Each structure stands twice: as C-alpha cells, then as structure tokens.
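1. model this:
(chains A and B)
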Number of protein chains: 2
Amino acid sequence: MAASIAVENLNPKVLKCEYAVRGEIVIHAQRLQQQLQTQPGSLPFDEILYCNIGNPQSLGQLPVTFFREVLALCDHPCLLEKEETKLLFSADAISRAEQILATIPGRATGAYSHSQGINGLRNAIAAGIASRDGCPANADDIFLTDGASPGVHMMMQLLIRNEKDGILCPIPQYPLYSASIALHGGALVPYYLDESTGWGLEISDLKKQLEDARSRGIDVRALVVINPGNPTGQVLAKDNQCDIVKFCKNEGLVLLADEVYQENIYVDNKTFNSFKKIARSMGYGYYGECGKRGGYMEITGFSAPVREQIYKIASVNLCSNITGQILASLIMNPPKVGDESYASYKAEKDGILQSLARRAKALEDAFNNLEGFTCNKAEGAMYLFPQIKLPQKAIEAAKAAKKAPDAFYALRLLESTGIVVVPGSGFGQVPGTWHVRCTILPQEDKIPAVITRFKAFHEAFMAEYRD
Amino acid sequence: MAASIAVENLNPKVLKCEYAVRGEIVIHAQRLQQQLQTQPGSLPFDEILYCNIGNPQSLGQLPVTFFREVLALCDHPCLLEKEETKLLFSADAISRAEQILATIPGRATGAYSHSQGINGLRNAIAAGIASRDGCPANADDIFLTDGASPGVHMMMQLLIRNEKDGILCPIPQYPLYSASIALHGGALVPYYLDESTGWGLEISDLKKQLEDARSRGIDVRALVVINPGNPTGQVLAKDNQCDIVKFCKNEGLVLLADEVYQENIYVDNKTFNSFKKIARSMGYGYYGECGKRGGYMEITGFSAPVREQIYKIASVNLCSNITGQILASLIMNPPKVGDESYASYKAEKDGILQSLARRAKALEDAFNNLEGFTCNKAEGAMYLFPQIKLPQKAIEAAKAAKKAPDAFYALRLLESTGIVVVPGSGFGQVPGTWHVRCTILPQEDKIPAVITRFKAFHEAFMAEYRD
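-> Numbers count the residues shown, from 1 in each chain, chains lettered A, B, ... in the order given. Just a heads-up that it's a prediction; the model follows:
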C-alpha cells in the first residue's frame, strides 16, 4: 500500500545514481537466461557467460579447501567434539577453527560481534597486514565490513555534506564510487587515467582537475585510487604512489585506497605496494569468495573524535557477518610452511593465479587481433578494458536505438553470443572513445570458445557496420 | 593522512545521528571488561552481562542444530561426497543442503548472487510466508539483506528527499529508526505508545501527530510499526492492525512493518498477525542468529518503476551474504513432521521459547517488586522496558554529572553489577518519565543471580538518593 509513492517523488539522489555493472545489459541477460531454460534452443547460444562482474566462483573457480574447512567447522562447532571429524577435515583446519572459536566470546558464531568485528579476528588481520607491509598495524584501526561496498558508503557518508563536497575519482572508475557519491549527494571530480601509457595516473592531471574543481567552488575532500585498477587492470609503480601520497598530504585530501585486488598481479615486473602507512586499505583477492561478503577497511591518520564518528556509523548496522569476518582473517593469515594444508593451499592458490595470468594474456592477445580493438596489458585485478573504434554507421545505429555506442555493441554481443560485458560508459571514459570491461574469469578450457564466439560476432558486426 | 578532516567539517547528518544501543554505556562496559581481564578482582563483579542488545547467542543460547548442519555442508560441499559425512550429519540436513546447492548456480556458495538474493532461496522464503499467512507470496517481492538494518536504510534512502520529509515512528522506538532517519536527513515524526494500556497504539494519537506534522509543513511519507514491540515487548491486536492499515491507506503512507520478532510471543491470549497483505515485513526471530546477518524484506504495493529503483539501490551493494541468505530460507522452512531432524528441531525451538517466556515473567515480576518500578508484561520480542520513578535527588545528581537521569542510573548499575542495560532516553519516552530496556536473554540459571544483583543495587541506589 504505497499509492502516493511514485518515481517522481522519490529521493532524487536515488534516481540520479547509476550502476552499470548490474544495469540494463545484465537484466536483459537474466531474461535471456530464463528464455534458455523455458525454450531451449531458441537462441543462437546455449549459455549466458557473465563476464560483467568479478565473480570467479560463478564461472566455476573452486574455493580454497582450507578456508571452507575452517568455515564449516566454525558454523557447526559440535563437529569438533566428534572423532569422525578427523577423517573429514585436515588437522590444521581443526586447530585453526578451535583457535578462532576461542577468540569469539562464548564460541558464539551466531552472535552479533563488536561493531568493528570480533577483536581476535581483527588482531589476526592486523598481524597479516603487518607482515605484508613490514610495519605495525593496529586491530583498533580495522573495520570488518560486508564486502567493500559498506566501507565505501561509510566514508562517503562521513565526508559528503552537500553537493559542493567533491571526491576525486579516476575515469574510468568502478561505478560503486560514482553510485555512492550520487547517493550521498556529493560531486564526482574526475581525473583521467592515460590509456596511452597503460592507464597511467598523472599527478599533473590530478592537480589540474583539483584546481578546476576548486575554481568552481567545490570543496574537494578525498582522492579515490584503485590499485590494481578496476576496470583498467594496471598496477601502480611505487614512485607514482609516493607522489600520490605527497599530493594528498599537500592538498589536505583523504586518500581512499581501494586495494581489493592486491594479490592479483600477473606480470613479473610489477609488485603490489599498499598505501597502508599513510591511508586506508580494503582487501580481498584471488580467492573470489564474493558471496561471503567479507572485507576489511583500515583507517589511519584520523583524530579520535573523527574515528568515534566512524565507529558510530558502523554501530548503527551492528556488525558485519561473522562468516565473512572469519574468512577475512583466514585470507590475511593463510596456512604457513609446515602446516598440513600448506601444500594443497599453495597449489590451489598458485593454480588460480597462474591460470588467471594465462587467461588474461589469451584474452588480451585476442582483443588486440580484432579490427579496431586496442587492449592494454592486464597487470592485475580481474579485468580487461579494451578500446573499440566503432564505425560511424554503428554509432548512428546506436543513436537511432537511443543507446550509447558501447552499450549498443554490448547488447548486440549478448544477443548473438550470450557473453555479458559492461559498456565503458558505465565506468566513464574519455569522451568520444568507447570501451567494454570484460573479466578474465571464464574457466580456462572455455577461453578458446569465448574468443571464437567473440571474434565471429565482431567480424559480423563490422561487416554490417563498416564505414 | 587526513589532517584537514575534523569533526567540525564532517557530514552534520552523521554528527546528529545517535545510537544508544551501542552508545556510551556499552563503550564503558567494554572498558570494564578489559579491566576484568587485565586486573581480575578489581571490580565488585566478575563478569559483564550484556542485557543491552537482543543477542541471544552471546549470552549462551545454543544455535538450532539442523540450521548449523545445513550451513556447514553448504560452506564445504565436498563433505557431501564423503561416506563419513553420514555419521556426522542428519539425513535431512544432507538432503536439504543438496537441495539448496542445486538452486545455486554452479553450486557456488562463494559467488555473488542476484542482488535480491538467490532465486531458489527467495522461492523457499515466499513459500514459508505463504504458508504462514495463507495467501500467496512472490519471490520477486523478496529482498534478502544483511540483517534488518540495510532494509531500513534502503527504504529511508528511497523516501527521504530532504528535512521536510517525515517518517512516523513510535516512541519509544528502536533507535535504528531515529539513526537512519537522521543519517538520511529526514524528520522523525513521533507518535506515543500508551504505557498505561500496555504500550497501546492509539489511532487517534497517530492522526493527531500526523496533522500536527503536516501543519508544520512536513510531508509525512511512511509509518513505522514494530510488532512485537521493541523496546516495549507488546503484541498488537488484529483489530488494531486493521485500523493501522486503513489509516495508512487513507493518508497515503507507506507502512514499514518491522516484524523481526514474529515468532517470539510469550502469552497465550495474543497471536502474531503479519502486515503482509498490505505492506512489507522483515523476519528473523527466536533462533537469534544475529551475527549471520540474514534477513528478508518483502515489498508489496509499489509500482514497477519504484521497485526498479529499490532493486538499483540493492544492486549497488551487489548482494547480501550467502550464509545469511541460506539461513533465512531455513528459518522460513524448518524441518517438518516426518523429517529426521523434526523432533530435535522442535525440542530446541520449544525449549528456547518456553525458557524465554519463563525468564520474561521472572524479570517482569522482579522489576515490579522494586521500589518505584512499574513494568508492563513482555508479550513478545526479547525486551522489558520498565518505568522507574527516580527520586528528585537522583535526578539532580544526574544533572550535576551532565547525564540524563536514566543514563545516570544505567551507568551506576553497570559500575556496581556489570549488568548492561540501555537508558530509555535512547529510545524516546514521554518527557519526564524514565525507563531502561533490559533483554530477557541471560541464561535461565543465571536469572536469579541477575535479579539479586539488580535488587541489591537498586536498594542501595534508593537508600543513597531517596527524597
């Protein structure tokens, strides 16, 4: 009963918000998937391949055994009292579960926790960060969250007072940022990543965009950096990161460092360096346990009264889910040399990362062989963001269909092949250029077929629209 | 590095938001708990008893075995391939896990799901609602959420455009409502529950408050009803509910029905009736799996374009956690007569509910025997909200300490006994009256000791401050 509620009288910030990763094309893909179920054979393909979202397990990636063993034991601690459990679980999973349960008050994995997350798990994560960075980390700075999104929302809510508060965001960016800035009523201040230098982040462009925004009366409060890049897949060099930190310090900006893909690096000449010492980081990675909604946010450099406000916002939602909290602690403290599960853990992890590197390379090469495509190297993360030079005729056909040209291309790709990608317009791009974001996540044995289907579609598309 | 960020330049909506359930008293309790660990014997009690929050498992309530068996199997599906698993898990838990995994694309319990939650699980929940209400329910109307809070935030975000948009809320209310209205920048329009009629909801007061708000230029958009009540524990009569629905219909208000405690009813002469046919409901209940952050929100009566906006907000956070999704589906479809686990499930459930009813009665009687206390019956939910007539001298002492009188009382109670309750001022109350909210959740064998400690404190407090 909500007769008086209409789109016209909803919160305009909600109406303004866009979220392409789960937008029109995905909704259309879901419809086609239903059609495949109810009328098999009615489409020119027999499955929908979701390359729109970094969701490894939905495309067949298996979870890490050790992690799942520990989760199952923590979910049903009665198992630990039974002899048969030793036949089904590795010894170190059993002892790790015991260890975790001992840090949870009353061993109650179904209780609300501290609003920042269970203290013992935050200690484990802080230890993992300290060993990664070689400098201390404090459990009090860690906020465990239901995935990365609530952490981003929390910071936007804290910083944005009105439409004159701006957040510097890369273009292209992951649309969680544009969506949450819109929902909180702030201004997105764009800076452009340089496609010609492998999606380089130029301090000079940052400075230019900052000054330009300030001249328009925008109070720029924070800089978002996504490293490794999403949707762009580049990995920042250390010198560049130092310059970014200096820039933030000089300009009084909060650095919001999105380091979700810190363990996904595919090239030998790049390594991941966290922005930790000076900023905040959020983590997950190759294991792709997306649905578990685990995540952490590390907050440093804020005054105590500001931290209290952050804690208050976290406490309104009581706490993040305990399964995700446990998983975050496992990921930051995986099995070590000498543990029973170490060999299998390492084999699973290396297998995933090496396979992702091969898939990234295969797709990158394939894209670079398509007429009009240019694709930078995927150095990290899980995505390729190739540029497509679309023929004028295709651009006009898109216009007639009232679509952005890259959305038009993505829709046609979906309808011909079942492959779901996200149009670049959902992430932002230099005006007049067109891209798609495609994950590198289809299972390795399916990659040749994906490439074949993509290529056949593209050739037919070009044959239809070539100028 | 956030030198330029200070409390003074944070979002004023964040500063305005208050959340007493995890506020000052709880932070003080956490400090005392640390003191007990580092300096045992340094306080007049040896444990902190958290009666501030409805968190059963933190106070020793055991989870329902069947639910946890299914969660463990879904977390680590490899178990289903092993013979030994039959020795550790009940047959119906094994088949239920198989059934659930079959509804999850690729059996991937670690993948992001549909933004509203996994379709098969929503079907199971819709079936559970339909069987509860005797009228059909549609899986498309169900949004699975990380607990109740994100559902409330989503609706406030949708409805509140500016400070002239109002939401009718009961006083006393659960502070998630006041906090989320403040965070989204709207106006809380209070209506008072009548303590003298067992926290009755009078339509005449609703009407009066609505008209008063409208005369001040407030556009009232929705009515929050919490049934069973939190913090007040009353259960609405069916006639009263019909009147509420008519009121919303006539006045064009969205009815936000918080039915979190629908299964917690402790008196024979009251039954739970959902607002389902006309509004939206959110569910969990006696099982108290709070930390799993499962929950659902059912949305009916909105136009398709409005629903699309709700879906969009849900999609920005990708999806709720899968463990919570599975749990929500189990709770709405527990074991049935004939299933292997039915007897143990029923015994666990009945044991919990009967024990809660006894604890509610024991605490209610004890409160009514304290000088100056009057306590309504706990008909449902998990709370008592006794009124305390504080002596003038205590009110002046509170004033001198710059605290609300009930906060002063709760702080003194904590410091003398380790018992944590929430001052009524955190929920709202008729001006000049004072209350505390106390959960009925301490383990049954501890209740006599809780009562003794509480009584001894109260007598000493009254001896000190009696006028």
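
2. which residue does the stretch 1-150 of chain A bring closest to chain B?
-> When distances are taken as CB to the nearest CB, the stretch 1-150 of chain A reaches nearest to chain B at A:Ser4, 3.3 Å away. Yep, even glycine has a C-beta here, placed from its N, CA and C like the rest.

3. That residue reaches B:Leu253, doesn't it?
-> Yes - with contact taken as CB atoms under 8 Å, A:Ser4 and B:Leu253 are classed as touching, separated by 7.5 Å.

4. got any residues that touch both of those two?
-> B:Arg221 (CB atoms under 8 Å, 6 or more residues apart in numbering or on different chains).

5. quick one, which of these two is more surrounded?
-> Relative neighbour count places B:Leu253 above the other of A:Ser4 and B:Leu253, with 23 against 14, counting by other CB atoms under 10 Å in any protein chain shown.

6. ok, now which ones touch the more buried one?
-> For B:Leu253, the set of contacting residues under the criterion of CB under 8 Å, 6+ apart consists of A:4, B:168, B:220-223, B:247.

7. Reformat the residues you listed as JSON lines; add distance to B:Pro335.
-> Written out in JSON lines, the entries for these read as follows (distance: CB to CB, whole Å):
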{"residue": "A:Ser4", "distance to B:Pro335": "43"}
{"residue": "B:Leu168", "distance to B:Pro335": "39"}
{"residue": "B:Val220", "distance to B:Pro335": "44"}
{"residue": "B:Arg221", "distance to B:Pro335": "41"}
{"residue": "B:Ala222", "distance to B:Pro335": "37"}
{"residue": "B:Leu223", "distance to B:Pro335": "36"}
{"residue": "B:Phe247", "distance to B:Pro335": "39"}
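
8. from those, which is closest to A:Glu18?
-> B:Arg221 (24.0 Å; CB to CB).

9. mind showing which ranges of the stretch 151-300 of chain A have poor pLDDT?
-> Low-confidence regions of the stretch 151-300 of chain A, defined by pLDDT under 70, span residues A:276-292.

10. Strands of that one, start to end?
-> Counting by DSSP state E, counting those that start in this stretch, one finds strands in the stretch 151-300 of chain A at the ranges A:165-171, A:187-192, A:219-226, A:254-258, A:280-282, A:296-298.

11. Rebuild those as a markdown table, extending it with mean neighbour count and distance to A:Leu363.
-> Listed next are those as a markdown table, based on neighbours: other CB atoms under 10 Å in any protein chain shown; distance: least, CB to CB, whole Å:
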| stretch | mean neighbour count | distance to A:Leu363 |
| --- | --- | --- |
| strand A:165-171 | 24 | 22 |
| strand A:187-192 | 20 | 24 |
| strand A:219-226 | 23 | 20 |
| strand A:254-258 | 25 | 23 |
| strand A:280-282 | 24 | 26 |
| strand A:296-298 | 26 | 30 |
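
12. Rebuild those as JSON lines, extending it with distance to A:Lys312.
-> Listed next are the strands of the stretch 151-300 of chain A as JSON lines, based on distance: least, CB to CB, whole Å:
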{"stretch": "strand A:165-171", "distance to A:Lys312": "19"}
{"stretch": "strand A:187-192", "distance to A:Lys312": "25"}
{"stretch": "strand A:219-226", "distance to A:Lys312": "19"}
{"stretch": "strand A:254-258", "distance to A:Lys312": "18"}
{"stretch": "strand A:280-282", "distance to A:Lys312": "17"}
{"stretch": "strand A:296-298", "distance to A:Lys312": "15"}
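
13. Of those, give the one that comes closest to chain B.
-> With CB to the nearest CB as the measure, strand A:254-258 is the member of those nearest chain B (4.6 Å).

14. most centrally placed residue in chain A?
-> A:Val260 (6.0 Å; CA atoms, centre = their mean).

15. okay but that residue is in contact with A:Ala148, surely?
-> Yes - with the criterion set as CB under 8 Å, A:Val260 and A:Ala148 qualify as a contacting pair; they are 5.7 Å apart.

16. closest to B:Ala29 among the contacts of B:Leu253?
-> Here the nearest of the contacts of B:Leu253 to B:Ala29, counting by CB to CB, is B:Leu168; it sits at 32.7 Å.

17. Leaving out chain neighbours, which residue sits closest to the residue in the stretch 201-350 of chain A positioned nearest to chain B?
-> Minimum separation of the stretch 201-350 of chain A from chain B (CB to the nearest CB) falls at A:Gly252, amounting to 3.3 Å. Here the nearest residue to A:Gly252 in space, its sequence neighbours aside, is B:Ser4; by CB to CB, 6 or more residues apart in numbering or on different chains that works out to 3.3 Å.

18. In contact with that neighbour, which residues?
-> Residues near B:Ser4 by CB under 8 Å, 6+ apart: A:221, A:252-254.

19. sorry, back to before: B:His435 versus the residue of the stretch 201-350 of chain A closest to chain B, what's the distance?
-> Relative to B:His435, A:Gly252 is positioned 45 Å away (criterion: CB to CB, to the nearest Å).

20. what does A:Phe461 give?
-> Noted for A:Phe461: a distance of 69 Å to B:His435, by CB to CB.

21. Comparing these two, which shows the higher neighbour count?
-> B:His435 (29 against 22).

22. so how many other residues sit close to the closest residue to that one other than its chain neighbours?
-> Nearest-residue entry for B:His435: B:Gly424, 2.9 Å, with adjacent residues in sequence omitted and distances by CB to CB, 6+ apart. Counted with other CB under 10 Å, residues neighbouring B:Gly424 total 27.

23. how much space is there between B:Gly424 and chain A?
-> When CB to the nearest CB, to the nearest Å is the yardstick, B:Gly424 and chain A sit 19 Å from each other.

24. show me the contacts for that residue.
-> B:172, B:231, B:385, B:387, B:406, B:433-437.

25. Would you agree A:Val421 is in contact with A:Ala410?
-> Yes - A:Val421 lies in contact with A:Ala410 (CB under 8 Å); the separation is 5.3 Å.

26. does the residue of chain A most remote from its centre sit in a helix, a strand or a coil?
-> Largest separation from the mean C-alpha position in chain A: A:Glu83, at 40.8 Å (CA atoms, centre = their mean). With DSSP: H, G, I helix; E, B strand; the rest coil as the basis, A:Glu83 sits in coil.

27. Just want the phi and psi numbers for it.
-> The phi and psi torsions at A:Glu83 (degrees, to the nearest 10) take the values phi -60, psi -40.

28. any idea how far it is from B:Glu84?
-> Relative to B:Glu84, A:Glu83 is positioned 10 Å away (CB to CB).

29. Then A:Thr439?
-> A:Thr439 sits 37 Å away from B:Glu84, taking CB to CB as the criterion.

30. And these two? Which one has more around it.
-> The residue with more neighbours, out of A:Thr439 and B:Glu84 and counting by other CB under 10 Å, is A:Thr439; that gives 26 against 13.

31. Count residues in the vicinity of the residue nearest to that one when sequence neighbours are not counted, would you?
-> By the measure of CB to CB, 6+ apart, the closest residue to A:Thr439 outside its immediate chain neighbours is A:Cys51, 4.7 Å from it. Neighbours of A:Cys51 under the rule other CB under 10 Å: 25.

32. dump the residue contacts of A:Cys51.
-> A:Cys51 makes contacts with A:419-421, A:438-439, A:441-442, A:450, as judged by CB under 8 Å, 6+ apart.

33. Many thanks, have a good one.
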